[in-house]
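Trainee: I'd like to go over a predicted model; first the sequence, then the structure.
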Amino acid sequence: MNKPNFSDKKALLIEDMAEARIMQKKMLNDFGFKSIEIAMKAESAIELLRTQSYDVILSDYNLGNGKDGQQLLEEVRHSHLIPNTSTYLMVTAETSTEMVMGAIEYSPDGYITKPFSQAMLERRLLKLMMNKEQLLEINKALDASDYEKAVTEARKVSKENPTLASRCNRIIGDSLISLEKYQEALEVFKACRKESRMPWAVFGEAKCHYFLNNVDKAEQKFRQLTLDNKFFVSAYDWLAKTLVKKGELDEAQAILVDAVGRSPKNLKRQIELGKLSLEVHDNLMAEMSFRRAVFLAKHSCFNEADVYLQHMTSIVALAREGDIPSRQISNFQTTLEKVHQSFFNSAKVRSESYLLEMELYAALGDTKTMHQIEEVWNNDIESGQAEPITPAAQSRINQIKS
Amino acid sequence: MQKIDISTILASAIHESKNHLGTILYQLETLKRLNLPTDGAMALRKVEEGMKQLNDEWVEYLYLYRLASDGYHVHYECHSIDEFLDDQVFALMPSASAKGLQLTYNVSQELTGIFDERLLTAVVSTAVYNALRFAKNSIEINAAIENDYLVVSIEDDGKGFEKTAQEEDELLFQTNTGLGLYFAELSANAHKADERSGYILKQTSDRIGGAKLAIYLPQ
């Protein structure tokens, strides 16, 4: 196989420390990359990734105050901002390696532990890129969401390169899950006795059991994963999902509280905890989770109006419980302002936020303000800026007025 | 007074020092870019080697602490042994060359094994650094599957374990504290499959006559 050539490749370097950044830039320069772009933190990296594509991404795990490298990776992989054909190399310190390796669901293609020499970096990059060459057809299929093809290609590569068999099996299993062929996926994950020790295989098996409604088996496997590896926080998320399926909502909420404690910066987890807390009528916890989610959403790929509206919903729920402190009202206002700023061009969001405002003032017993808001809302509906009142909205309005 | 856990404090102190060392090693990369005269370049290489070895030793101590305090989660992954050993030899070759020693490995290309890469990397480097002190001309790394165990052995052509141990007893408290072997043993033990655990054996090398440290990891 030919050595990959750096001269037609674009690189993105993400590193917050000036010294390391300069050094790594020099190294990448020496390798002869066609272009090297630089981001000093995760948020600016996301901005670059929205518009550009890179063949190689070299990111530090520790990126200062914002998101860390692993969160960045999870976000950009989840929202398909980087294709599977790109190479993602994570730079770790001895302590952070464990956290990166613990994140089974979204792992980088490789990691390199600091300190490393130029020769070591070059070697690591070359190897990873050669691997990418071998897996090219599989990754193209995955990028196109053509899972049937991914399975076929992975079977082919696995036959030709026994050393890649384990990697291919994982892709095959995950693709079969995407194709909703759970029984077949389960067989793949279980097939190799040896692989039963590897967390991704146990994780795959557990997910299959979840989808096949073998909830007890799923619960047991997810629990095992949480015990085996405290850094594998996704296992907690799935365990909570499984418990919800079993109808054990309180237990599920407790698991998520634990998971959030382990990695408080994960937006989706905060949202899940908020939703679940609303369901079990733990409105205080719901408010706290959604407030954190609103904070985290700002600089993420998942900055959607729903997070903000849910936060407001949780405060309405608190207000209905009885006396609520005035700071909660100002929390409501703060989030409402953000909705005004970022999402008010959506007619649907606009209507929902007026309705929530009405619900809040109704709960506070301030009918005067409530009516004023209703008036503004009706004006917006007439001018076409707000969505007309839906039957669901109407029944909520009837409820607060009765 | 609250009881102080001195081992935890020492471990985090080592960690701090290791990070410090890392930043200094970065500075060396800048120095390496200068066109130094031969003797300067040579001295620089020695400094780099020494610091890299120190770094690897501290990594070993940190793992040792974690293993001994049950705070280490073994991360199993399937690896190509050829690639793994190629990486190890690449990383350790400068140290061997600096001492005028040969460092090679033999393994069948198709061999794969399941193990914790970081842990085994630390074990192999510890063993090779140890062998560097005793080898006359060469150090070999061999790997194979035996009875469902992956066996990785580090062999040298020195005097072998027994003689060395005798001499060291006589010299009393030489540099070797036996910590490296203890680390290798804990690392091997941490690898488990079903009811079987990994282990190490101190042997004599049939191939080149010196010491042989064999690490057995259940598959």
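Mentor: That came through fine.
Trainee: okay, now the unreliable bits of the chain?
Mentor: I'll assume chain A. Scanning chain A with the threshold set as pLDDT under 70 gives A:1-3, A:192-196.
Trainee: meant chain B, my bad for not saying
Mentor: In the predicted model of chain B, residues B:1-2, B:163-177 satisfy pLDDT under 70.
Trainee: what does it put close to chain A?
Mentor: Within chain B, the positions near chain A by Cβ under 8 Å from any Cβ of the partner chain are B:15, B:18-19, B:21-23, B:25-26, B:29-30, B:32-33, B:48, B:55, B:59, B:62, B:73, B:75-78, B:80, B:82-83, B:87, B:90-91, B:110, B:112, B:114, B:118, B:193, B:219. C-beta here means a position set from N, CA and C on the backbone, and glycine is covered the same way.
Trainee: neighbouring contacts of the helix or strand harbouring A:Ala393?
Mentor: Per DSSP states H and E, A:Ala393 falls inside helix A:391-401. Helix A:391-401 is touched from outside by A:351-352, A:355, A:358-359, A:362-363, A:370, A:374, A:389, with contacts defined as Cβ atoms under 8 Å, 6 or more residues apart in numbering or on different chains.
Trainee: let's go with 10 Å and repeat that
Mentor: Here helix A:391-401 makes contact (Cβ atoms under 10 Å, 6 or more residues apart in numbering or on different chains) with A:316, A:320, A:351-352, A:354-356, A:358-363, A:367, A:370-371, A:374, A:377, A:387, A:389-390.
Trainee: what subset of those is buried?
Mentor: Among the contacts of helix A:391-401, those scoring as buried are A:316, A:351-352, A:354-356, A:358-363, A:370, A:374, A:377, A:387, A:389 (criterion: 16 or more other Cβ atoms under 10 Å in any protein chain shown).
Trainee: out of the residues of chain B next to chain A, which end up buried?
Mentor: Among the residues of chain B next to chain A, those scoring as buried are B:15, B:18-19, B:21-22, B:25-26, B:29, B:48, B:55, B:59, B:62, B:73, B:75-78, B:80, B:82, B:87, B:91, B:112, B:114, B:118, B:193, B:219 (criterion: 16+ other Cβ under 10 Å).
Trainee: tell me which of those residues fall in helices.
Mentor: Applying DSSP state H to those, the entries found in helices are B:15, B:18-19, B:21-22, B:25-26, B:29, B:48, B:55, B:59, B:62, B:82, B:87, B:91, B:118.
Trainee: tell me which stretches of chain B form helices.
Mentor: Counting by DSSP H, the helices of chain B are B:6-33, B:38-68, B:81-98, B:117-134, B:161-171, B:179-190.
Trainee: domain-wise, how is chain A divided?
Mentor: Residue ranges of the domains in chain A are recorded as A:1-134, A:136-212, A:215-303, A:319-402, according to automatic domain parsing.
Trainee: actually, chain B.
Mentor: Domain segmentation of chain B under automatic domain parsing yields B:6-68, B:77-218.
Trainee: tell me the centre residue of chain A?
Mentor: Per Cα atoms, centre = their mean, the C-alpha nearest to the average position across chain A is that of A:Glu75, at 5.0 Å.
Trainee: what separates stretch B:142-160 from the chain centre, distance-wise?
Mentor: Counting by Cα atoms, centre = their mean, to the nearest Å, stretch B:142-160 is centred 14 Å from the centre of its parent chain.
Trainee: ok, and for it, which residues are buried?
Mentor: B:142-143, B:149-160.
Trainee: before we move on, what about stretch A:370-386?
Mentor: For stretch A:370-386, a neighbour-count test (16+ other Cβ under 10 Å) marks A:370, A:373-374, A:377, A:380-381, A:386 as buried.
Trainee: just the residues contacting that stretch, thanks.
Mentor: Outside stretch A:370-386, the residues that touch it by Cβ under 10 Å, 6+ apart are A:344-364, A:366, A:387-389, A:393, A:397, A:400-401.
Trainee: any residues of the stretch 201-350 of chain A in contact with chain B? List them.
Mentor: For the stretch 201-350 of chain A, the residues in contact with chain B (Cβ under 10 Å from any Cβ of the partner chain) are A:201, A:228-232.
Trainee: I'd like the buried residues of stretch B:142-160 as a markdown table, with distance to A:Glu94 appended.
Mentor: Below are these laid out as a markdown table (distance: Cβ to Cβ, whole Å):
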| residue | distance to A:Glu94 |
| --- | --- |
| B:Asn142 | 28 |
| B:Ala143 | 25 |
| B:Tyr149 | 28 |
| B:Leu150 | 24 |
| B:Val151 | 27 |
| B:Val152 | 22 |
| B:Ser153 | 26 |
| B:Ile154 | 23 |
| B:Glu155 | 28 |
| B:Asp156 | 28 |
| B:Asp157 | 33 |
| B:Gly158 | 31 |
| B:Lys159 | 34 |
| B:Gly160 | 33 |
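Trainee: most tightly surrounded among the helices of chain B?
Mentor: For the helices of chain B, the largest average neighbour count (mean count of other Cβ atoms under 10 Å in any protein chain shown) is found in helix B:117-134, namely a mean of 22.
Trainee: now that one - C-alpha only, PDB.
Mentor: Listed in PDB are the C-alpha atoms of helix B:117-134, where the atom choice follows Å, rounded to 0.1, in the frame of the first residue of the first chain:
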ATOM      1  CA  GLU B 117      -2.600  -1.100  25.000                       C
ATOM      2  CA  ARG B 118      -1.400   1.700  27.400                       C
ATOM      3  CA  LEU B 119      -0.600  -0.800  30.200                       C
ATOM      4  CA  LEU B 120       1.200  -3.200  27.900                       C
ATOM      5  CA  THR B 121       3.100  -0.200  26.400                       C
ATOM      6  CA  ALA B 122       4.300   0.700  29.900                       C
ATOM      7  CA  VAL B 123       5.200  -2.900  30.700                       C
ATOM      8  CA  VAL B 124       7.200  -3.400  27.500                       C
ATOM      9  CA  SER B 125       9.100  -0.100  27.900                       C
ATOM     10  CA  THR B 126       9.900  -0.900  31.500                       C
ATOM     11  CA  ALA B 127      11.200  -4.300  30.500                       C
ATOM     12  CA  VAL B 128      13.200  -2.900  27.700                       C
ATOM     13  CA  TYR B 129      14.700  -0.100  29.800                       C
ATOM     14  CA  ASN B 130      15.700  -2.800  32.300                       C
ATOM     15  CA  ALA B 131      17.200  -5.000  29.600                       C
ATOM     16  CA  LEU B 132      19.200  -2.000  28.300                       C
ATOM     17  CA  ARG B 133      21.200  -2.100  31.500                       C
ATOM     18  CA  PHE B 134      22.200  -5.800  31.100                       C
END
